[in-house]
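Asks: Below: sequence and its predicted model.
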There are 2 protein chains.
Amino acid sequence: MSEARRKAALARDAAHALGLAPAATRSAAIAAAARIILERSASICEANAHDLARGREAGMPAPLQDRLLLDEKRLEGIASSLDEIARQDDPLGRVVGGRTLDSGVRIEQVRVPLGVVAIVYEARPNVTADAFALCMRAGNACVLKGGSAAQESCEAIAAACRDALVEVGLPGDAVQYVSDDAAHRETEELIRANGLVDVLVPRGGASLIRHCVENATVPVIETGTGNCHIYLHAEADVEKALGIVINAKCSRPGVCNAAESLLVDECAADRLLPPVLLALSERGVELVGDETSRLIAEKCGVAMGEATEDDWGREYLDLKMSVKCVRDVDEAVEHINRYGTGHSEAIVSESYAACEAFLAGVDAAAVYANASTRFTDGGVFGLGGEIGISTQKLHARGPMGAEALTTTKYVIRGDGQIR
Amino acid sequence: MSEARRKAALARDAAHALGLAPAATRSAAIAAAARIILERSASICEANAHDLARGREAGMPAPLQDRLLLDEKRLEGIASSLDEIARQDDPLGRVVGGRTLDSGVRIEQVRVPLGVVAIVYEARPNVTADAFALCMRAGNACVLKGGSAAQESCEAIAAACRDALVEVGLPGDAVQYVSDDAAHRETEELIRANGLVDVLVPRGGASLIRHCVENATVPVIETGTGNCHIYLHAEADVEKALGIVINAKCSRPGVCNAAESLLVDECAADRLLPPVLLALSERGVELVGDETSRLIAEKCGVAMGEATEDDWGREYLDLKMSVKCVRDVDEAVEHINRYGTGHSEAIVSESYAACEAFLAGVDAAAVYANASTRFTDGGVFGLGGEIGISTQKLHARGPMGAEALTTTKYVIRGDGQIR
């Protein structure tokens, strides 16, 4: 049996006890993991140094090295995020609905754990701790599969989580770390472990997510791909437009809630585009656009390449943005529903009617009027951390906190009633 | 392009307008469909007579002929079920959560349609009308694909639904009926129409459902397979046990909430099994059991075959039941979690502790103490009709009404805020 299937089976066996454990015990496990991670910061940093050394040897790019790096301060950040999840309201046992029948049969719908959650991710060791904590908050066992580049770091953190479970009397097997192999064989086993894994959450780049969605036979929650648009309506305030576009494009271009495409009403493009294009260009943003946008760019001396059909569907995750003029809000909505990934979409306008038409018409996890797409975040939305941002419509949509890792069951109590 | 993809694309285009239509207009469409179906009862019954004649020629078994049959009375039943759905509360637009940030950004989470729902089913023409109505209640376009045996009946009903949409000013393309072909090529196209179909709900026998779960690339909601158990605990009241077992096994053996397996505490088997086995045997139920159960059956003169490992996992959907003695509630829970399909599971006991342990420990859509598994039904649970009973944990679990055919989106309103 593969390592992935063997470990998923151990997690499955542990899940039952975990689902019955009281909230306080699961909170204690999360808090203990935070404490143990800090106690072991020297050895975790040492493991991380090995990963980093291997990465440098293999020519890992600097931004990836930075993602991988763990130091005292980052471990404190991880621990404090765990402490926050330990203090969160517990989603389990909440009665979300119910009724009593005339015959006296009492029906209630109660929130319960999913069971075993598998998370496949890349080179961010902090995901190990976050995923453990959110799974634990929701009473789930978890099978974690990080990338080979972060292997020693992830294993050291997973060991701390395991020891935390044992310390509070919960089964250590409820957290499993599956190590990587060059051929990703273990990932393939994990995403097909039906009966052992209840849901798979891939976290990482578009190709990892696409691979999971296309090849997994266990249920998958698609996360994270964000081809987000900012639409400047004819009645947009130029200051708000400027602030929102710059924030949504430039503050962290590599994150999924970054804007990738700018739409502008053509009747107001002469007023709105020049200051926005100049500001983007000053910040080093590469621009590509349709013919109308390019004429305006040329007039104000900003370089803009020709956008191809392919550009409208691209998530650059970089200082690059596509620009397109549209007739009106209807064309903007149509364009976004066609090319967007259903993540976060914003309109800037002082027109009540235009804002409401946009908010109602755009089909995405988060739709904005006059605010930056950067607000799409589990913490901001009040979920206390997130396991990912779902861009699918089934089960969970938008930032997913602990509640997205639960399901419900109907509990029916009678006195011998039949039907 | 295949018929299935072409029709799914038409549904996709119609879905946008439908999702923006007010509740009253969608209610009017459902009520109009009910009226038109009754107005056309003669021609619908004639279409049905053609299906039946073909079925008889092909040697269709009598129970299937009965499922297929439409007459004046059954059409009245269909129309009154539509009228009920037309009067139901609308799930769309409900604000299910939200918060206002210190910066004044207002976040609300609102219920919205899924988009395009595909339903693949077999020879029950009433599913055509029910599925249309529930999809419309939730603002979804639908692509319906019934079995070839019911084709003329389903097409006649789908045409009535389409005309009802047009009558109230909604796009008729929001309901599509895909006809069957011998090789099921259209089904294969439909279950792989990613980007056109948002969710697939298969309704029918276990092999249809398994085929969809294994081969669909669009998201599927698994429905209906019910290997349900009744567990008679040592402290069960024998009268309640008798009533519940007979009701759950014999009232409609072909339905998914029927009990297929009986578990009994071995220390009370001598008291509980004889009256139950005699009653089952009198009603023509074929019994298979483990060694202990067979000894007891023999003592009271009831025939009981030997149960194989395969029997514990079987959904007979017939007058047949497996019987097994267990040590205690823990073994019963373990057995059910191992062999059950997560549909409906019941304990009969006067012990508070045993009932609560069972209700907490069994992992299923519906868990019962001292009531028949027959209560698992959308109408009984207050959903007003059901599109199916989900036996999976993601998105929807248990009977699914209109709300299960919706998702949510976050709507964020600001005044230029960035982050």
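Replies: Now that the structure is in, tell me what you want to look at. Numbers count the residues shown, from 1 in each chain, chains lettered A, B, ... in the order given.

Asks: tell me which parts of the stretch 151-300 of chain A are close to chain B?
Replies: A:198-199, A:214, A:217, A:219, A:221, A:237, A:239-240, A:243-244, A:246-248, A:251 (C-beta under 8 Å from any C-beta of the partner chain). (Glycine included, C-beta is placed from N, CA and C.)

Asks: Give me the buried subset of those.
Replies: A:198, A:199, A:219, A:221, A:237, A:240, A:243, A:244, A:246, A:247, A:248 (16 or more other C-beta atoms under 10 Å in any protein chain shown).

Asks: low-confidence ranges in the stretch 301-419 of chain A?
Replies: Within the stretch 301-419 of chain A, no range satisfies pLDDT under 70.

Asks: Looking at the buried ones among the residues of the stretch 151-300 of chain A next to chain B, which are in helices?
Replies: A:240, A:243, A:244, A:246, A:247, A:248 (DSSP state H).

Asks: From residue A:37, how far off is the closest residue to the last one other than its chain neighbours?
Replies: In space, not counting the residues next to it along the chain, residue A:248 is nearest to residue A:259; the distance is 3.8 Å by C-beta to C-beta, 6 or more residues apart in numbering or on different chains. According to C-beta to C-beta, to the nearest Å, residue A:259 stands 35 Å off from residue A:37.

Asks: For residue A:400, see how far away residue A:382 is.
Replies: Counting by C-beta to C-beta - residue A:382 and residue A:400 are separated by 13 Å.

Asks: I meant to write residue A:314 there.
Replies: From residue A:314 to residue A:400 the distance is 25 Å (C-beta to C-beta).

Asks: who has more neighbours, the two?
Replies: residue A:400 (23 against 17; other C-beta atoms under 10 Å in any protein chain shown).

Asks: Is the longest strand along chain A in proximity to chain B?
Replies: Ordering each strand of chain A by length in residues (DSSP state E) puts strand A:406-417 first. Yes: counting by C-beta under 8 Å from any C-beta, chain B is contacted by strand A:406-417 at A:407, A:408, A:409, A:410, A:411, A:412, A:413, A:414, A:415, A:416, A:417.

Asks: swap in stretch A:364-377?
Replies: Yes: Stretch A:364-377 reaches chain B (C-beta under 8 Å from any C-beta) through A:364, A:365, A:366, A:367, A:368, A:369, A:370, A:371, A:372, A:374, A:375, A:376.

Asks: Select from those residues the one having the most neighbours.
Replies: Neighbour-wise, the residues of stretch A:364-377 next to chain B (other C-beta under 10 Å) top out at residue A:368, 33 neighbours.

Asks: Check which helices and strands the helix or strand where that residue lies sits against.
Replies: Following DSSP states H and E, the helix or strand that holds residue A:368 is strand A:366-371. Packing partners of strand A:366-371 (3 or more C-beta pairs under 8 Å, 6 or more residues apart in numbering or on different chains; DSSP states H and E): helix A:238-250, strand A:344-348, helix A:352-361, strand B:406-417.

Asks: how about stretch A:116-127: buried residues?
Replies: Per 16+ other C-beta under 10 Å, stretch A:116-127 contains these buried residues: A:116, A:117, A:118, A:119, A:120, A:121, A:122, A:123, A:124, A:125, A:126, A:127.

Asks: what mean pLDDT does it have?
Replies: The pLDDT scores in stretch A:116-127 average 91.

Asks: does that stretch come close to chain B?
Replies: No: no part of stretch A:116-127 sits near chain B under the criterion C-beta under 8 Å from any C-beta; the closest distance found is 10.6 Å.

Asks: From the chain's centroid, how far away is that stretch?
Replies: Taking C-alpha atoms, centre = their mean, to the nearest Å, the mean C-alpha location of stretch A:116-127 is offset from the chain mean by 11 Å.

Asks: Residues of the stretch 301-419 of chain A that sit close to chain B?
Replies: Residues of the stretch 301-419 of chain A lying near chain B (C-beta under 8 Å from any C-beta): A:337, A:355, A:359-361, A:363-372, A:374-376, A:380-382, A:392-395, A:397-398, A:407-419.

Asks: Return the members of these classed as buried.
Replies: A:355, A:359-361, A:363-372, A:374-376, A:380-381, A:392-395, A:397-398, A:407-414, A:416-419.

Asks: Okay, buried residues for whichever helix or strand residue A:4 is part of please.
Replies: Here residue A:4, judged by DSSP H and E, is contained in helix A:3-20. Residues of helix A:3-20 classed as buried under the neighbour-count rule (16+ other C-beta under 10 Å) are A:3-5, A:7-12, A:14-16, A:18-19.

Asks: about what we covered before: tell me which other helices or strands the next helix-or-strand element following the strand holding residue A:368 touches.
Replies: Downstream of strand A:366-371, the next assigned helix or strand under DSSP H and E is strand A:388-390. For strand A:388-390, the packing partners by 3+ C-beta pairs under 8 Å, 6+ apart come out as strand A:398-400.

Asks: Look up the residues forming beta bridges with the residue found closest to residue A:293 once you drop the neighbours it is linked to in the chain.
Replies: Leaving aside its chain neighbours, residue A:293 sits nearest to residue A:323 (4.2 Å; criterion: C-beta to C-beta, 6+ apart). Per DSSP bridges, the residues bridged to residue A:323 are residue A:262, residue A:289.

Asks: so residue A:323 touches residue A:272, yeah?
Replies: No: in this structure, residue A:323 is not within contact of residue A:272 by C-beta atoms under 8 Å, at 10.9 Å.

Asks: Between these two, which contacts overlap?
Replies: Listed as contacting both residue A:323 and residue A:272 by C-beta atoms under 8 Å, 6 or more residues apart in numbering or on different chains are residue A:264.
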